[in-house]
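# Give me a 3D structure for the following:
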Amino acid sequence: MLNPLKISEMLSQANQMQEEVQQKLAQTVVEGTSGGGAVTATMNGKKQLLKNSDRARSVIGLGGDKPDVEMLEDLVVAAVNEAGRKADEAIQSSVKGMLGGLKLPGMG
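Sure thing, here's the model as predicted:
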(Lines give C-alpha, C1' and ligand atoms only; values in the text may rest on other atoms or scores of the structure.)
Protein backbone atom coordinates (compact mmCIF):
# COMPACT_ATOMS: atom_id res chain seq x y z
CA MET A 1 0.00 0.00 0.00
CA LEU A 2 1.20 3.49 -0.85
CA ASN A 3 2.11 5.57 2.20
CA PRO A 4 0.65 9.10 1.79
CA LEU A 5 3.50 10.52 3.89
CA LYS A 6 6.01 9.31 1.29
CA ILE A 7 4.29 11.05 -1.66
CA SER A 8 6.21 14.31 -1.17
CA GLU A 9 9.50 12.43 -0.99
CA MET A 10 8.62 10.45 -4.12
CA LEU A 11 7.67 13.62 -6.03
CA SER A 12 10.94 15.27 -5.05
CA GLN A 13 12.85 12.19 -6.21
CA ALA A 14 10.90 12.17 -9.50
CA ASN A 15 11.68 15.87 -10.12
CA GLN A 16 15.37 15.30 -9.48
CA MET A 17 15.41 12.32 -11.84
CA GLN A 18 13.60 14.32 -14.52
CA GLU A 19 16.25 17.05 -14.32
CA GLU A 20 19.00 14.42 -14.62
CA VAL A 21 17.31 12.88 -17.67
CA GLN A 22 16.95 16.30 -19.33
CA GLN A 23 20.66 16.98 -18.79
CA LYS A 24 21.56 13.55 -20.14
CA LEU A 25 19.39 14.05 -23.23
CA ALA A 26 20.97 17.44 -23.92
CA GLN A 27 24.39 15.75 -23.86
CA THR A 28 23.31 12.74 -25.95
CA VAL A 29 24.26 13.14 -29.60
CA VAL A 30 22.87 11.00 -32.42
CA GLU A 31 23.40 11.05 -36.17
CA GLY A 32 21.19 10.15 -39.07
CA THR A 33 22.54 9.68 -42.56
CA SER A 34 21.12 9.28 -46.04
CA GLY A 35 22.40 8.89 -49.57
CA GLY A 36 25.10 6.48 -48.48
CA GLY A 37 26.52 9.04 -46.08
CA ALA A 38 26.13 11.98 -48.46
CA VAL A 39 24.02 13.86 -45.90
CA THR A 40 24.41 13.63 -42.12
CA ALA A 41 22.12 15.23 -39.55
CA THR A 42 23.41 15.55 -35.97
CA MET A 43 20.79 15.92 -33.25
CA ASN A 44 20.76 15.80 -29.46
CA GLY A 45 18.44 13.70 -27.32
CA LYS A 46 16.11 16.68 -26.97
CA LYS A 47 15.57 16.45 -30.74
CA GLN A 48 17.35 19.73 -31.44
CA LEU A 49 19.19 19.71 -34.77
CA LEU A 50 22.81 20.57 -34.01
CA LYS A 51 24.44 20.18 -37.40
CA ASN A 52 23.59 19.21 -40.94
CA SER A 53 26.55 18.26 -43.10
CA ASP A 54 26.17 17.91 -46.82
CA ARG A 55 28.62 15.93 -48.90
CA ALA A 56 26.05 15.36 -51.63
CA ARG A 57 27.47 17.64 -54.30
CA SER A 58 28.38 14.82 -56.66
CA VAL A 59 25.20 12.85 -55.90
CA ILE A 60 22.88 15.70 -56.85
CA GLY A 61 25.01 17.23 -59.58
CA LEU A 62 25.80 20.57 -57.95
CA GLY A 63 28.01 22.58 -60.20
CA GLY A 64 26.40 21.02 -63.25
CA ASP A 65 23.82 22.52 -65.58
CA LYS A 66 20.81 21.12 -63.71
CA PRO A 67 21.46 20.31 -60.04
CA ASP A 68 18.86 18.01 -58.50
CA VAL A 69 17.75 20.24 -55.63
CA GLU A 70 14.74 18.01 -54.90
CA MET A 71 17.06 15.06 -54.32
CA LEU A 72 19.10 17.12 -51.86
CA GLU A 73 15.94 18.15 -50.03
CA ASP A 74 14.85 14.49 -49.82
CA LEU A 75 18.26 13.43 -48.52
CA VAL A 76 18.19 16.12 -45.82
CA VAL A 77 14.67 15.12 -44.73
CA ALA A 78 15.66 11.44 -44.59
CA ALA A 79 18.78 12.16 -42.53
CA VAL A 80 16.88 14.38 -40.08
CA ASN A 81 14.11 11.79 -39.72
CA GLU A 82 16.64 9.03 -39.00
CA ALA A 83 18.35 11.19 -36.38
CA GLY A 84 14.91 11.87 -34.86
CA ARG A 85 14.22 8.14 -34.59
CA LYS A 86 17.55 7.62 -32.86
CA ALA A 87 16.78 10.50 -30.48
CA ASP A 88 13.42 8.85 -29.69
CA GLU A 89 15.27 5.64 -28.80
CA ALA A 90 17.56 7.61 -26.47
CA ILE A 91 14.53 9.25 -24.84
CA GLN A 92 12.81 5.88 -24.33
CA SER A 93 15.95 4.44 -22.78
CA SER A 94 16.31 7.39 -20.39
CA VAL A 95 12.65 7.27 -19.34
CA LYS A 96 12.89 3.53 -18.62
CA GLY A 97 15.92 4.18 -16.46
CA MET A 98 14.16 6.98 -14.61
CA LEU A 99 11.02 4.95 -13.88
CA GLY A 100 13.07 1.98 -12.76
CA GLY A 101 14.77 4.16 -10.16
CA LEU A 102 11.54 5.39 -8.60
CA LYS A 103 10.68 2.06 -6.98
CA LEU A 104 6.96 2.62 -7.37
CA PRO A 105 4.62 -0.11 -6.16
CA GLY A 106 3.80 -2.41 -9.05
CA MET A 107 6.60 -1.01 -11.25
CA GLY A 108 9.24 -3.72 -11.63
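# hey, let's count contacts and neighbours off CA atoms from now on
Fine.
# which other helices and strands contact the helix or strand where D74 lies?
According to DSSP states H and E, D74 maps onto helix 69-102. The contact analysis (3 or more CA pairs under 8 Å, 6 or more residues apart in numbering; DSSP states H and E) places helix 69-102 against helix 7-27, strand 29-34, strand 39-44, helix 57-60.
# ranking these by burial, who's on top?
Comparing the helices and strands packed on helix 69-102 by mean neighbour count (mean count of other CA atoms under 10 Å), strand 39-44 ranks first with a mean of 24.
# Same question for the helix holding D74: list its buried residues.
With burial defined by 16 or more other CA atoms under 10 Å, the residues of helix 69-102 counted as buried are 72, 75-84, 86-87, 90-91, 94, 98.
# Could you find the closest non-adjacent residue to the residue most central in space within the chain?
Centroid check for the chain by CA atoms, centre = their mean gives A87 as the closest residue, at 1.7 Å. Leaving aside its chain neighbours, A87 sits nearest to G45 (4.8 Å; criterion: CA to CA, 6 or more residues apart in numbering).
# What number of residues are in the vicinity of the one you found?
For G45, the count of nearby residues is 25 (other CA atoms under 10 Å).
# low-confidence ranges in the protein?
For the chain, the stretches flagged by pLDDT under 70 are 1, 62-63, 98-108.
# and the residue sitting furthest away from the middle of the chain, which of the three is it?
Counting by CA atoms, centre = their mean, the extreme residue of the chain relative to its mean C-alpha position is D65, 37.5 Å from that point. What DSSP: H, G, I helix; E, B strand; the rest coil gives for D65 is coil.
# Tell me how far it lies from G35.
Separation of D65 from G35 (CA to CA, to the nearest Å): 21 Å.
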